[in-house]
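Colleague: sequence below, structure please.
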Amino acid sequence: MTKIHTVGIIGGAGYTAGELIRILRWHPAVELRFVHSNSQAGKPVSSIHQDLAGDFFMNFTAAVDLQVDVLFLCGGHGKSRSWLAENKVPEETLVVDLSTDFRLSEEFVYGLPELNRAAIKTSKRIANPGCFATAIQLGLLPLAAAGKLKEEVHIHAITGSTGAGQQPQPTTHFSWRNNNLSVYKPFEHQHLAEIGRSLGALQGEEVPELAFLPLRGDFARGIFASLYLRTDLSERYLQTLYQDYYAEHVFTHLVEDNPHLKQVVNTNKCLVQLTKHGNRALIISVIDNLLKGASGQAVQNMNLALGLKETTGLQLKAMVF
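Modeller: Below you'll find the model as predicted:
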């Protein structure tokens, strides 16, 4: 019989927690013991995560059971470090943090399976990557692993409004975001630090400049990243490089046809297309920002760390129509 692992969620009222609950509710190897939220304590979880109405009857709680096997930290950026300082979590408890707090820390393993699968399997402290960082790294890892990331990379990546979190902001309001497009944090987005660190470690040297323009899209879910750089490498060589690198990675796929967001939304997949245009390589990388960019990848990391099949609970179909 499959061992059942007990799970708790800290900071359960946001989008990433809602997606975690949706996945874990039907995961065959876990039992969700509690969903913590100080602001919503006592209320039904389905009153906030309304997609769970009718089939999930747990209430939010302010109490925390530190004896569970797995803790997901979804409390928001800057809150995980302080929460762990205030709560003595047993060393044997698996902690997966979805905030930025430990992504650059030596205390946690950086949880990008396509980069750190072996380390994730033996870790009890995992820092889930950022959503932009996931899409961009999956577009560049094979080049860095081969030591071929030598030229400046130009990156345009557009994200859905859920990437800004559940708390309403001026730039997430429907009347502002609808039929609109804007750049934010040009060339200085916080995810650049984790991207550069990973690629540099993989290549064994400092990587060229990543000229990153993040954009706010007028849709709810997904990240569409287009990256291009100069290279003398042939398209055939590059495609073989990517196919070989991702051959053992079940959620990242090199595709021939131009990918689009509807192929990945509601899944833990990343689709990558690589084409050559003169002396430039164009790489397109698409993910669901809330799944492969957050909660789905967190469950993928949990599966690896618990010795489960990596795809357990994550066989999700895209909602194309």
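
Colleague: contacts only, for the residue located most distally from the centre of the chain.
Modeller: Distance from the centre of the chain peaks at residue 278, with 32.5 Å (Cα atoms, centre = their mean). Listed by Cβ atoms under 8 Å, 6 or more residues apart in numbering, residue 278 has no contact partners. Every C-beta, even on glycine, is put in place using the N, C-alpha and C of the backbone.

Colleague: hang on, residue 148 packs against residue 232?
Modeller: No - applying Cβ atoms under 8 Å, one finds residue 148 not in contact with residue 232, separated by 9.9 Å.

Colleague: hang on, the earlier thing: how close does the residue farthest from the centre of the chain get to residue 151?
Modeller: 14 Å (Cβ to Cβ, to the nearest Å).

Colleague: one more: residue 159?
Modeller: For residue 159 relative to residue 151 (Cβ to Cβ), the value is 25 Å.

Colleague: specify the beta-bridge partners of residue 211.
Modeller: Beta-bridge partners for residue 211, by DSSP bridges, are residue 154.

Colleague: for it, give me its contacts.
Modeller: Taking Cβ under 8 Å, 6+ apart, we find residue 211 in contact with 152-155, 187.

Colleague: out of those, grab the one that's most surrounded.
Modeller: By neighbour count, taken as other Cβ atoms under 10 Å, the most surrounded of the contacts of residue 211 turns out to be residue 155 (25 neighbours).

Colleague: who has more neighbours, residue 159 and residue 151?
Modeller: Legend: neighbour count by other Cβ under 10 Å for residue 159 and residue 151, higher for residue 159 (24 against 17).

Colleague: quick check: bridge partners of the nearest residue to that one once chain neighbours are set aside?
Modeller: In space, residue 159 comes closest to residue 223 once its chain neighbours are excluded; the distance is 5.0 Å by Cβ to Cβ, 6 or more residues apart in numbering. Following DSSP bridges, residue 223 is listed with bridge partners residue 159, residue 287.

Colleague: surely residue 223 touches residue 294?
Modeller: No - counting by Cβ under 8 Å, residue 223 sits too far from residue 294 to count as a contact (10.6 Å).

Colleague: find the residues that touch each one of those two.
Modeller: With Cβ under 8 Å, 6+ apart, residue 223 and residue 294 have common neighbours residue 131.

Colleague: model confidence over stretch 21-28, on average?
Modeller: Mean pLDDT, computed over stretch 21-28, is 96.

Colleague: now do the same end-to-end measure for that stretch.
Modeller: End-to-end span of stretch 21-28 (Cα to Cα, to the nearest Å): 13 Å.

Colleague: name the element residue 257 belongs to?
Modeller: Assigned by DSSP states H and E, residue 257 belongs to no helix or strand.

Colleague: no no, residue 142
Modeller: helix 131-145.

Colleague: tell me the buried residues in that helix?
Modeller: 131-145 (16 or more other Cβ atoms under 10 Å).

Colleague: so which elements touch it?
Modeller: When contacts are defined as 3 or more Cβ pairs under 8 Å, 6 or more residues apart in numbering; DSSP states H and E, helix 131-145 packs onto helix 113-121, strand 153-159, helix 191-203, strand 210-216, strand 223-230, helix 235-245, strand 270-277, strand 280-287.

Colleague: just give me how far stretch 313-321 sits from the chain centre.
Modeller: 16 Å (Cα atoms, centre = their mean, to the nearest Å).

Colleague: repeat that for stretch 11-24.
Modeller: 13 Å.
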